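**Student:** Turn this into a model:
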Amino acid sequence: MTVIVPNPEAKMLPRVLVVDDDHYTRTLIDRLIGKATEVRLAADGAEARKLFAAEDFNLVLMDQRLPADNGIDMLREFRARRPKLVAILMTGYADVRDAVAAVREGVFDYLTKPFEDLESLEAVIGKALELDGAYREIDGLRARLDAGDATVAVIGQSAAMERMLGQVRQVAGLDTTVLLEGESGTGKELVAKLVHTWSPRAAKPFLEVNCGGLPETLLESLLFGYEKGAFTGASVASAGYFERADGGTLFLDEIADMSPKLQSSLLRVLQDHQCTRIGSSQARHADFRLICATNRALAGEVKAGRFREDLYYRINVVAVRLPPLRERAGDVIRLATHFLDHFNEKFGKACGPLTPAAVSALESGAWPGNVRQIKHCIERAVALHPGGPIDVVHLCAPGCTQVEDQPGQEPLAASLAYEEARARFERDYLQDILARAGGNVSEAARMSGIPRQNLYVRMKRWGVVTE
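**Tutor:** Purely as a prediction, here's the structure:
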């Protein structure tokens, strides 16, 4: 469960605007979250508009029915000024049409009064503030990137990432070899660029080569270069990366895949600071900083005889471990919102925000493919979604229920249009989760992570009924 915890390092507490004509509701929410947030209370639309115009709110809790206003209309008005405003709609008169309208407007959650569980209410507010924090962080990073600040390319504020970035800051200014170790998809290329950016060599070239993606002969010619006529097709002389990286940084990704012959050649270059082009006898000076990366345990590769021990000690001067996503608490939503913005812009879409169920699904996933996997997940969701809130059904997050093809049937994706496939999936999913909950909608909502009122909306949409 997510609860609201004030950040002692923050300059100010999150600001929450509560708009409700019921004095009891306003007082209840104020007492519930007042110690961890700055709460502003409004009893009607006019007062809410004045407060919203005067302050920047992290979250708005809006009553559906106000004395002279409609909550959804007001949120639409507020969103015109703050497109990424995170809002929760409250109502004492639950109505399916209102719930559907709220979902279409991108409301984070739709809550019915009176509140039965204050812990759940606090958790929903905490999740909403977490999402707002992610939006603001990503917007800030984008602004700094647009201003030319490449040091913010690595997204994450988890303790594991802060420790790793602290190591990078320490080693970046030292002209020494760095070995980046981490699982596939953890962002080793980005960290290598960050080491270069923070180093005294930042004004010189940064060149990268994937040692696992090239045949030995091609990798050798790429690194060492060649003279005209050195081999068939060498019509002109070409400088290799050892030369071209002069004064700068050379990043060798997947170094464990380098052949034994090239391992030996690389060791000589590092020892002598010289390289010789293929087809030449002239040694050339090679002044570059080497950064290597691997998703394997190099010590184990040495023991197995697949990697030279002397080269291992040469490149393992300073080792930096990149944490997998499962160790980066809180970073999943930051990354998801970043990629949501990125692919909305790339595809010209207006998908989002993430629903509470989608946030829960993303946070509970194991993400074995790490950052690369979550990037592809959000890209797929935006590419296939026509627009509006991103829910669990739009995601391919680990742990989300997936539609499995039945034996002997044509694959679902090949036989149905997207919207029809989506409808079948959601209908089958709702029927299954309700069956597991014994027909109890509240229990089904708890099991699925979908707010109860939203579950009712989906049941109504697809004609799912309880026995």
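
**Student:** Wasn't Val359 part of a helix?
**Tutor:** Yes. Using DSSP: H, G, I helix; E, B strand; the rest coil, the assignment for Val359 is a helix.

**Student:** Distance check, it against Ile450.
**Tutor:** In this view, Val359 and Ile450 are 11 Å apart by CB to CB, to the nearest Å. Using the backbone N, CA and C atoms, a C-beta is placed for each residue, glycine as well.

**Student:** What of Ala299?
**Tutor:** Ala299 is 46 Å from Ile450, where distance means CB to CB.

**Student:** Mind checking which of the two has more residues around it?
**Tutor:** The neighbour count for Ala299 versus Ile450, taken as other CB atoms under 10 Å, is higher for Ile450 (26 against 13).

**Student:** Can you check the pLDDT for the residue nearest to that one when sequence neighbours are not counted?
**Tutor:** Excluding the flanking residues, the one nearest Ile450 by CB to CB, 6 or more residues apart in numbering is Ala357, at 4.5 Å. Each residue has a pLDDT score; the one for Ala357 is 81.

**Student:** Same check on Pro389?
**Tutor:** In this model, Pro389 carries a pLDDT of 84.

**Student:** That one in helix, strand or coil?
**Tutor:** Applying three-state DSSP: Pro389 is strand.

**Student:** That one: neighbour count?
**Tutor:** 21.

**Student:** can I assume it is in contact with Pro353?
**Tutor:** Yes. With contact defined as CB atoms under 8 Å, Pro389 reaches Pro353; the gap is 6.1 Å.

**Student:** what is in contact with these two at once?
**Tutor:** Gly106 (CB atoms under 8 Å, 6 or more residues apart in numbering).

**Student:** Domain-wise, how is this structure divided?
**Tutor:** What automatic domain parsing lists as the domains of the chain is 15-145, 159-322, 345-462.

**Student:** any idea of the mean pLDDT in the first one?
**Tutor:** The one in question is domain 15-145. pLDDT averaged over domain 15-145 gives 86.

**Student:** And the helix or strand hosting Cys377, what does it pack against?
**Tutor:** Here Cys377 sits within helix 370-384, counting by DSSP states H and E. Packed against helix 370-384 by the contact rule (3 or more CB pairs under 8 Å, 6 or more residues apart in numbering; DSSP states H and E) you find helix 331-347.

**Student:** 10 Å instead, please
**Tutor:** helix 331-347, strand 351-354, helix 356-364, strand 388-390, helix 418-436 (3 or more CB pairs under 10 Å, 6 or more residues apart in numbering; DSSP states H and E).

**Student:** Mean neighbour count, those: which tops it?
**Tutor:** Of all the helices and strands packed on helix 370-384, strand 351-354 has the most neighbours on average by mean count of other CB atoms under 10 Å, namely a mean of 25.

**Student:** What strands line up against it, and which way round?
**Tutor:** Next to strand 351-354 in the sheet, as set by DSSP bridges, lie strand 388-390 (parallel).

**Student:** Contacts for the strand it pairs with, please.
**Tutor:** 102-108, 336, 340, 349-355, 357-359, 362, 378, 381-382, 394, 454 (CB atoms under 10 Å, 6 or more residues apart in numbering).

**Student:** and Ile138, what does it touch?
**Tutor:** Counting by CB under 10 Å, 6+ apart, Ile138 touches Lys84, Ile155, Ile333, Arg334, Leu335, Ala336, Thr337, His338, Phe339, Leu340, Asp341, His342.

**Student:** Look up how far Lys228 lies from Thr337.
**Tutor:** For Thr337 relative to Lys228 (CB to CB), the value is 52 Å.

**Student:** Would you mind finding the longest helix in this structure?
**Tutor:** Looking across the chain with DSSP state H, the single longest helix is helix 118-146.

**Student:** Now the element after that one, going C-ward?
**Tutor:** Once helix 118-146 ends, the next helix or strand along the chain (criterion: DSSP H and E) is helix 159-172.

**Student:** tilt between that next one and helix 331-347?
**Tutor:** Between the axes of helix 159-172 and helix 331-347, defined by axes from the mean of the first three to the mean of the last three CA atoms, to 10 degrees, the angle is 80 degrees.

**Student:** Pull out the buried positions in helix 159-172.
**Tutor:** Within helix 159-172, the residues scored as buried using 16 or more other CB atoms under 10 Å are Ala160, Met161, Met164, Leu165, Val168, Val171, Ala172.

**Student:** wait, isn't the third one in contact with Val191?
**Tutor:** Read that as Met164. Yes. Contact criterion CB atoms under 10 Å: Met164 and Val191 qualify, at 7.6 Å.

**Student:** anything in contact with each of the two?
**Tutor:** In contact with both Met164 and Val191: Val154, Leu180, Gly182, Val320, Leu322, using CB under 10 Å, 6+ apart.

**Student:** need those residues in CSV with secondary structure, neighbour count and distance to Ala239, can you?
**Tutor:** As requested, the shared contacts of Met164 and Val191 are exported to CSV (DSSP: H, G, I helix; E, B strand; the rest coil; neighbours: other CB atoms under 10 Å; distance: CB to CB, whole Å):
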residue, secondary structure, neighbour count, distance to Ala239
Val154, coil, 18, 31
Leu180, strand, 26, 26
Gly182, coil, 19, 31
Val320, strand, 21, 30
Leu322, coil, 25, 31
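
**Student:** Lowest-confidence one in these?
**Tutor:** Val154 (71).

**Student:** excluding its backbone neighbours, what's nearest that one?
**Tutor:** In space, and not counting its chain neighbours, Val154 is closest to Leu190: 5.3 Å by CB to CB, 6+ apart.

**Student:** what pLDDT does that neighbour get?
**Tutor:** Taking Leu190 on its own, its pLDDT is 90.

**Student:** what about it, distance to Val209?
**Tutor:** 16 Å.

**Student:** and those two? which has more neighbours close in?
**Tutor:** A direct count of neighbours by other CB under 10 Å for Leu190 and Val209 places Val209 higher, at 19 against 14.

**Student:** Help me confirm that that one is found in a strand?
**Tutor:** Yes. According to three-state DSSP, Val209 belongs to a strand.

**Student:** so how far is the helix or strand hosting the residue nearest to Val154 from its chain's centroid?
**Tutor:** Using DSSP H and E, Leu190 maps to helix 188-197. Centre-to-centre, helix 188-197 and its host chain are 18 Å apart (CA atoms, centre = their mean, to the nearest Å).

**Student:** What is it packed up against?
**Tutor:** helix 159-172, strand 178-181, strand 206-210, strand 249-253, strand 289-294, strand 318-321.

**Student:** Check the offset of the longest one from the chain's centre.
**Tutor:** So the one you mean is helix 159-172. The answer for helix 159-172 is 19 Å, by CA atoms, centre = their mean.

**Student:** quick one on the thing from earlier: next, the buried residues of the longest helix of the chain.
**Tutor:** Buried, per 16+ other CB under 10 Å, within helix 118-146: 121-135, 137-138, 141.

**Student:** okay, the helices and strands packed on helix 370-384 in JSON lines with distance to Gly305 next?
**Tutor:** Formatted as JSON lines, those follow (distance: least, CB to CB, whole Å):
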{"stretch": "helix 331-347", "distance to Gly305": "37"}
{"stretch": "strand 351-354", "distance to Gly305": "48"}
{"stretch": "helix 356-364", "distance to Gly305": "41"}
{"stretch": "strand 388-390", "distance to Gly305": "49"}
{"stretch": "helix 418-436", "distance to Gly305": "49"}
